[in-house]
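> Need a 3D model of the sequence below.
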Amino acid sequence: MRVDVSYDGIDFSGWAKQPDRRTVQGVLEEAFARQPPGVEVPHSIVVAGRTDAGVHATGQVIHIDVVPYADGAYTRLPVDDHGVPELDRMRHRWNRYLPPDIRVLRARVAPAGFDARFSAVRRHYVYQVSDAPWGVDPLRRNDTLAWGRALDVERMNAASAALVGLNDFKAYCKQREGATTIRELQRLRWERVEPHLVRAHVSADAFCHSMVRSLVGEILHVGDGRRNQQWPVELLRKGVRGSTVAPAHGLCLVGVDYPPDEELADRAERTRKVRDHTELS
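Numbering: from 1, shown residues only. Alright, predicted model coming up:
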């Protein structure tokens, strides 16, 4: 099953389940486990993109596996008279069990070969910043960073353009043992949407840990004039970890793209292969 979810990340310790901590995965698994007698949904969840503590999502995608009968009717799921899963009923039930800071938006039987994580071709994030001299509107304090310095969007876009493409982003990632930092950054674009509200649109085939927040943090220093426009790309070329990571609460995962159904399994197989530097030549 593919399940689309939205959540306010402020009161979550990130996506991944952790002992004695409130996490998105943990809360969802508790809701999935609460089913009528005779109905069971596996607890194991695969997510498109793990979000850090405080990061929000309006377009997160997960999948959970269910086992079909030989005749094609789905077991452990409520079905109608034709053996079709009644997923709208399940969504309604899950949302009754879930706290108000997380919602199941849609549930459906996924196409063959679908993997929420490995079938994805790109993820889309938005980061919001207020450069108002008084800070941030109180109603936006949980999803918008108060920067306090005027930002030049043109300078920020010039600096961002130099980072787009297939690169080793180790300067912008919190490295994990055995994990690659080679990513294809497909979009990094800033816009002023209100007199004191600036929004970054960031898209890539995948992101390594803290990558979006690190990119945003360094470019904000270009926007307020404390760094020159070449600073972000110089960090990239040197592979030197930058010192500025933007706070989590301004970041939101807004969407995940997948290929046509017939390409899902092939995409998942290719994505599982770890990238190396030969791709950069």
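> ok, and the helix or strand in this protein with the lowest average confidence?
With mean pLDDT, DSSP states H and E as the measure, the helix or strand of the chain carrying the lowest mean pLDDT is helix 87-97 (a mean of 87).
> Contacts for that helix, please.
Contacts of helix 87-97 from elsewhere in the structure, counted by C-beta atoms under 8 Å, 6 or more residues apart in numbering, are 1, 30-32, 34-35, 77-78, 103-109. Quick note: C-beta positions are derived from backbone N, CA and C, even for glycine.
> neighbours of residue 269, just the number please.
Counted with other C-beta atoms under 10 Å, the neighbours of residue 269 add up to 13.
> repeat for residue 139
8.
> got it, and the one 10 residues further on?
Neighbouring residues of residue 149 were enumerated by other C-beta under 10 Å; the total is 12.
> okay but it is in contact with residue 221, surely?
No: the pair residue 149 and residue 221 does not pass the contact test of C-beta atoms under 8 Å, sitting 9.3 Å apart.
> Tell me which residues touch the residue nearest to residue 233 when sequence neighbours are not counted, please.
Spatially, and ignoring its direct neighbours in sequence, residue 233 is nearest to residue 162 (4.0 Å; C-beta to C-beta, 6 or more residues apart in numbering). Residues touching residue 162, when contacts are defined by C-beta under 8 Å, 6+ apart, comprise 230, 232-233, 236.
> Closest to residue 208 out of the residues you listed?
Distance to residue 208, by C-beta to C-beta, is smallest for residue 236 among the contacts of residue 162, at 13.1 Å.
> all strands of the stretch 51-200 of the chain, in order?
For the stretch 51-200 of the chain, the strands identified by DSSP state E, counting those that start in this stretch occupy 56-63, 102-108, 122-130, 145-146, 165-168, 182-194, 197-204, in order along the chain.
> wait, which of those is closest to residue 260?
When the strands of the stretch 51-200 of the chain are compared (using C-beta to C-beta), the closest one is strand 122-130, at 14.4 Å.
> would you put the C-alpha positions of the closest one in PDB?
This file holds the C-alpha atoms of strand 122-130, laid out as PDB (Å, rounded to 0.1, in the frame of the first residue of the first chain):
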ATOM      1  CA  ARG A 122      13.200  13.200  -6.900                       C
ATOM      2  CA  ARG A 123      12.200  14.900  -3.600                       C
ATOM      3  CA  HIS A 124      11.000  18.500  -3.300                       C
ATOM      4  CA  TYR A 125      11.600  20.700  -0.200                       C
ATOM      5  CA  VAL A 126      10.600  24.300   0.600                       C
ATOM      6  CA  TYR A 127      12.400  26.400   3.100                       C
ATOM      7  CA  GLN A 128      10.800  29.700   4.400                       C
ATOM      8  CA  VAL A 129      12.700  32.700   5.800                       C
ATOM      9  CA  SER A 130      11.400  36.000   7.200                       C
END
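> what angle do that strand and strand 56-63 make?
Between the axes of strand 122-130 and strand 56-63, defined by axes from the mean of the first three to the mean of the last three C-alpha atoms, to 10 degrees, the angle is 170 degrees.
> Can you list the buried residues in strand 122-130?
With burial defined by 16 or more other C-beta atoms under 10 Å, the residues of strand 122-130 counted as buried are 122-130.
> strands paired with it, and their directions?
Paired with strand 122-130 in the same sheet, following DSSP bridges, are strand 145-146 (parallel), strand 197-204 (antiparallel), strand 251-257 (antiparallel).
> Give me the distance between the two termini of stretch 197-215.
Across stretch 197-215, the terminal residues are separated by 18 Å (C-alpha to C-alpha, to the nearest Å).
> list the buried ones in that stretch?
197-200, 202-208, 210-215.
> can you tell me the average pLDDT over it?
Across stretch 197-215, pLDDT averages out at 95.
> that older thread, sort out which residues of the least confident helix or strand of the chain are buried, please.
Along helix 87-97, the positions that meet the burial threshold by neighbour count (16+ other C-beta under 10 Å) are 87, 90-91, 93-94.
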